[in-house]
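*Asks:* need a structure here:
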Amino acid sequence: MKVIVIGPKGKMGRLITQIAASREDMELVAGVAPKGRDYIGTDLGAAALVGRDLGVPVVDDLESVIEDCDVIIDFSTKENAMAVLDLAVTYKKGLVCGTTGFSPEEFNRFKEASTEIPMLYAANTSKLVNVMNRLLELVASAVGDEADIEILEMHDQWKKDAPSGTSKEMGEIMAHAMGKELKDIAVYGREGECPREKGTIGYHSLRAGNIPSSHSVYFGFMGERLEITHHSYNWECFARGACDCAAYLADKGPGFYTIQDVLHL
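*Replies:* Below is the predicted model of the structure:
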């Protein structure tokens with residue numbers, strides 16, 4: 001499989017490049033950087049700190065290299081993701097997108113694109129986060145209407161969107177398990193007099209330092225509580241998952257695929 005990585009010097013793009021370079025089932029054909037970056041024109045291996053040259057370039061124009069690839073992996077920004085999506089559709093290339101923060105209208109464009117290309121969107125590509133999602137679905141189905149559900153998510157100081165895309169997905173999974181829509185029951189933060197309303201899902205976002213990712217879901221009862229938590233120590237688990245997602249698309253036709261398909265969950 002021939003792969004292009006968007007943003008190969010970013011925190012995720014760099015790790016994705018390193019892991020893809022180590023896999024026998026993947027060949028990196030280019031990295032695509034934002035215009036004006038000082039590493040454009042350098043070897044992708046040097047830019048992403050792979051430890052060796054890969055013999056392929058970092059460019060600032062996806063269209064100039066897109067015909068050489070099978071799949072694009074994009075964990076950049078939501079503004080850039082729209083342009084990447086349009087080119088993927090134009091050239092009929094598979095796309096793995098892990099960028100978050102899209103509006104419902106923007107997200108619908110990914111679903112529309114899936115009628116023409118293999119499209120895999122994943123708010124979180126960690127294997128254990130997605131196992132946690134199955135656990136949340138189970139608990140919410142069993143006791144969601146009785147519990148006070150609260151979500152606490154932590155990320156680094158640079159994360160732009162809040163709550164995180166992962167925590168939104170967790171809320172949607174639990175809401176649907178209870179036969180509800182998250183938009184109708186989500187409460188974002190609290191201040192002043194605000195007694196808890198039964199049947200809601202509370203959200204709390206913490207941003208500090210270089211915390212990679214942490215999600216805790218609390219099911220509160222009188223006299224007891226259940227906590228389900230995932231902590232990532234670094235971003236490597238997400239990068240490995242992103243490469244697994246790209247490999248999954250190798251023999252797939254147009255369609256909207258998810259990380260659950262990759263992990264057979």
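*Asks:* now stretch 188-200: buried residues?
*Replies:* residue 200 (16 or more other Cβ atoms under 10 Å). No exception for glycine: its C-beta is placed from N, CA and C like everyone else's.
*Asks:* what about that stretch, start to end distance?
*Replies:* One end of stretch 188-200 to the other measures 10 Å (Cα to Cα, to the nearest Å).
*Asks:* same check, this time on stretch 58-75
*Replies:* Stretch 58-75 end-to-end distance (Cα to Cα) = 16 Å.
*Asks:* for it, buried residues please.
*Replies:* For stretch 58-75, by 16+ other Cβ under 10 Å, it's 58, 59, 62, 65, 66, 69, 70, 71, 72, 73, 74, 75.
*Asks:* of those residues, which pair is most distant in space?
*Replies:* Using Cβ to Cβ, the buried residues of stretch 58-75 reach their maximum pairwise distance at 58 and 70, which is 19.1 Å.
*Asks:* for the stretch 151-265 of the chain, which segments count as strands?
*Replies:* Using DSSP state E, counting those that start in this stretch, the strands of the stretch 151-265 of the chain run over residues 186-188, 201-207, 213-221, 224-232, 255-257.
*Asks:* for the first one, what is the average pLDDT?
*Replies:* This predicted structure assigns strand 186-188 an average pLDDT of 97.
*Asks:* chain center to that strand, what's the gap?
*Replies:* 21 Å (Cα atoms, centre = their mean, to the nearest Å).
*Asks:* also the fourth one?
*Replies:* Averaged C-alpha coordinates place strand 224-232 at 21 Å from its chain's average position (Cα atoms, centre = their mean).
*Asks:* how about it: buried residues?
*Replies:* 228, 230, 232.
*Asks:* mind listing the residues bridging to the second one?
*Replies:* The residues paired with residue 230 through beta bridges, assigned by DSSP bridges, are residue 215.
*Asks:* tell me the contacts of it?
*Replies:* 126, 128, 129, 132, 213, 214, 215 (Cβ atoms under 8 Å, 6 or more residues apart in numbering).
*Asks:* related to what we said a few turns ago, put together TSV for the buried residues of strand 224-232, with pLDDT on each row.
*Replies:* Shown next, in TSV, are these (pLDDT from 0 to 100):
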residue	pLDDT
228	98
230	97
232	95
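*Asks:* in CSV: the residues you listed, plus distance to residue 103.
*Replies:* Below are these laid out as CSV (distance: Cβ to Cβ, whole Å):
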residue, distance to residue 103
228, 28
230, 26
232, 26
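*Asks:* restricting to C-alpha, output the lengthiest helix in the chain in CSV.
*Replies:* Longest helix in the chain, counting residues (DSSP state H): helix 127-143. Provided in CSV are the C-alpha atoms of helix 127-143 (Å, rounded to 0.1, in the frame of the first residue of the first chain):
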residue,chain,number,x,y,z
LYS,A,127,-7.6,0.1,20.3
LEU,A,128,-8.3,0.3,24.0
VAL,A,129,-10.4,3.5,23.7
ASN,A,130,-12.7,1.7,21.3
VAL,A,131,-12.9,-1.3,23.6
MET,A,132,-13.9,1.2,26.3
ASN,A,133,-16.6,2.5,24.0
ARG,A,134,-18.1,-1.0,23.9
LEU,A,135,-18.1,-1.1,27.7
LEU,A,136,-19.8,2.3,27.9
GLU,A,137,-22.5,1.0,25.6
LEU,A,138,-23.0,-2.0,27.8
VAL,A,139,-23.2,0.0,31.0
ALA,A,140,-25.5,2.7,29.5
SER,A,141,-27.8,0.1,28.2
ALA,A,142,-28.1,-1.6,31.6
VAL,A,143,-28.2,1.4,34.0
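*Asks:* got a list of contacts for that helix?
*Replies:* For helix 127-143, using Cβ under 8 Å, 6+ apart, the contacting residues are 124, 147, 149, 166, 169-170, 173-175, 177-178, 215, 217, 219, 221, 226, 228, 230, 237, 241, 259-260, 263, 265.
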